[in-house]
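Novice: Show me the folded form of this:
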Amino acid sequence: MALGHLEGIAGSGATGTYIPRTSPSVDIPPNSSGGYAVTYQYWIFFAGENAYKVFVNGIEVDPGTGYRLNSAVWVLDKIDIEYDCINGACIKKDVYKTPGFYKSLSECEIACGVGCSGKCISNSEWSQIENLSSQLRLRNCS
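Specialist: Below is the predicted model:
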């Protein structure tokens, strides 16, 4: 699955005008070829042009909005996964809510080798993370 958004020239039936529009991000699974197919279905005629519903891999991304034929494009959103070196291992920053010093796994692995030559979380910082994690497990969050 990949987050993305629709970009194109859209129309609003209420005003009868076309406006540039970026849809909110939605999670659309890739098709069997690993790609994204944009298809159009005739919707309504207004403002002197036909408007079309737009589907990405069969999912209507922007319900209630019509686009000009072939104007909408599915754009994959960049996924930023950042890493931190923790006890000699590269861990995604969201696992322990750490800062994310490294912008890619390869960047982290270069710096996180023997002796952790880059920006690393110290043993005392790691102990604090473990202690806070233990405290949270004991809380009743309901």
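Novice: Quick one: find the helix or strand in this structure with the lowest mean pLDDT.
Specialist: Lowest mean confidence among the helices and strands of the chain (mean pLDDT, DSSP states H and E): strand 17-22, at a mean of 50.
Novice: Can you name the element that comes right after that strand?
Specialist: strand 26-28 (DSSP states H and E).
Novice: Give me the residues contacting that following strand.
Specialist: The list of residues contacting strand 26-28 from outside it, by C-beta atoms under 8 Å, 6 or more residues apart in numbering, reads 1-5, 36, 56-57, 59, 61, 74. Where C-beta positions appear, they are placed from N, C-alpha and C, glycine not excepted.
Novice: So which of the residues you listed sits lowest on pLDDT?
Specialist: For these, the weakest pLDDT value sits at M1, with 52.
Novice: For the protein, which helix extends over the most residues?
Specialist: If you go by DSSP state H, the chain has its longest helix at helix 123-138.
Novice: to the chain's geometric centre, what's the distance from that helix?
Specialist: Taking the mean of its C-alpha atoms, helix 123-138 sits 29 Å from the chain's own mean (C-alpha atoms, centre = their mean, to the nearest Å).
Novice: What residues of it count as buried?
Specialist: I129 (16 or more other C-beta atoms under 10 Å).
Novice: same check, this time on stretch 55-62
Specialist: Buried-residue list, stretch 55-62, by 16+ other C-beta under 10 Å: 55-57, 61-62.
Novice: tell me the two of the residues you listed that are most distant?
Specialist: Farthest-apart pair in these is N57 and D62; separation 14.0 Å (C-beta to C-beta).
Novice: For the residue nearest to C85 when sequence neighbours are not counted, grab the count of nearby residues.
Specialist: Spatial nearest neighbour of C85, excluding adjacent residues (C-beta to C-beta, 6 or more residues apart in numbering): C112 at 3.5 Å. Counted with other C-beta atoms under 10 Å, the neighbours of C112 add up to 25.
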